[in-house]
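K.L.:
Sequence and predicted model, in that order:
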Amino acid sequence: MNIKHIALNISRDDEPIKFYKEILGFEMVKHFKLPAELSNTFFDVNKILPEYLYKRDEIFLEMFVYPDKINLGAAHLCLELTDREVIIEKCIICGYKVKRVSRVNKPDLVFIYDYIILP
């Protein structure tokens, strides 16, 4: 089994470019608007949803712009990066909330919060 793509809800139209392209290095494959009829059929959301498909290496991210507050629970994307300190610094410069969790005899866990979480 292979993962075809990972779908994410994002709250702002500039997130794919600012975070996923400029910080993480993903490239846009496609951008379009999902018609309200389809978004209602798939997600019970009766709205036209802007949709972005980005790729880096063999990872595809499908992002739907949904500005309304939604309950995300523990939704997150976990990435292992060789250049994580560079990525963390870029996130801080761009105004993303970054939280480090220290662990004994293991690398810190780093959480970068998107605009849905930020006040």
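P.N.:
Sure thing, it's come through.
K.L.:
Name the next helix or strand downstream of the host helix or strand of residue 39, please.
P.N.:
Per DSSP states H and E, residue 39 falls inside helix 36-43. Using DSSP H and E, the next helix or strand after helix 36-43 towards the C-terminus is strand 49-56.
K.L.:
Could you give me the buried positions within that following strand?
P.N.:
Residues of strand 49-56 classed as buried: 49-54 (neighbour count, 16 or more other CB atoms under 10 Å). Every residue, glycine included, has its C-beta placed from N, CA and C.
K.L.:
other SSEs contacting it?
P.N.:
For strand 49-56, the packing partners by 3 or more CB pairs under 8 Å, 6 or more residues apart in numbering; DSSP states H and E come out as strand 27-34, strand 59-65.
K.L.:
tell me the phi and psi of residue 112?
P.N.:
phi -120, psi 120 (degrees, to the nearest 10).
K.L.:
Touching, it and residue 98? I think so.
P.N.:
Yes. Residue 112 lies in contact with residue 98 (CB atoms under 8 Å); the separation is 5.5 Å.
K.L.:
related to what we said a few turns ago, of the buried residues of strand 49-56, which is the nearest to residue 22?
P.N.:
Distances from residue 22 to the buried residues of strand 49-56, taken as CB to CB, are shortest for residue 54 (11.6 Å).
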